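A.B. asks: The sequence isn't on hand, but the structure is:
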């Protein structure tokens, strides 16, 4: 069962959390009801599982393709 997904926005160099399939997902203890920006250190909770978001792309680095 897919609860959520993360998407990278290359134009803004930002990440967004999307919920999927009507499942509950929390970002920093707040229910995610629409696509929400995720930043370094945020906590994503899915059921009893807590995940810490640590991006490989930070301000000085992007995932641009050449």
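C.D. replies: Great, that's in hand. Model, not experiment: these values are computed from the prediction.

A.B. asks: contacting residues for residue 38?
C.D. replies: Neighbour list for residue 38: 6, 15-17, 27, 44, 53 [criterion: CB atoms under 8 Å, 6 or more residues apart in numbering]. All C-beta atoms are positioned from the backbone trio N, CA, C, and that covers glycine.

A.B. asks: do that again at 10 Å, thanks
C.D. replies: Shown in contact with residue 38 (CB atoms under 10 Å, 6 or more residues apart in numbering): 6-7, 14-17, 27-28, 32, 44, 53, 55.

A.B. asks: What values do phi and psi take at it?
C.D. replies: Residue 38 adopts backbone torsions of phi -120, psi 130, taken as degrees, to the nearest 10.

A.B. asks: What sits closest to residue 26 if chain neighbours are left out?
C.D. replies: Nearest residue to residue 26, sequence neighbours excluded (CB to CB, 6 or more residues apart in numbering): residue 45, at 4.1 Å.

A.B. asks: what's in contact with the strand or helix carrying that neighbour?
C.D. replies: Using DSSP states H and E, residue 45 sits in strand 43-46. Identification of contacts with strand 43-46 by CB under 10 Å, 6+ apart yields 1, 3-4, 6, 17, 19, 23-32, 38, 50-53.
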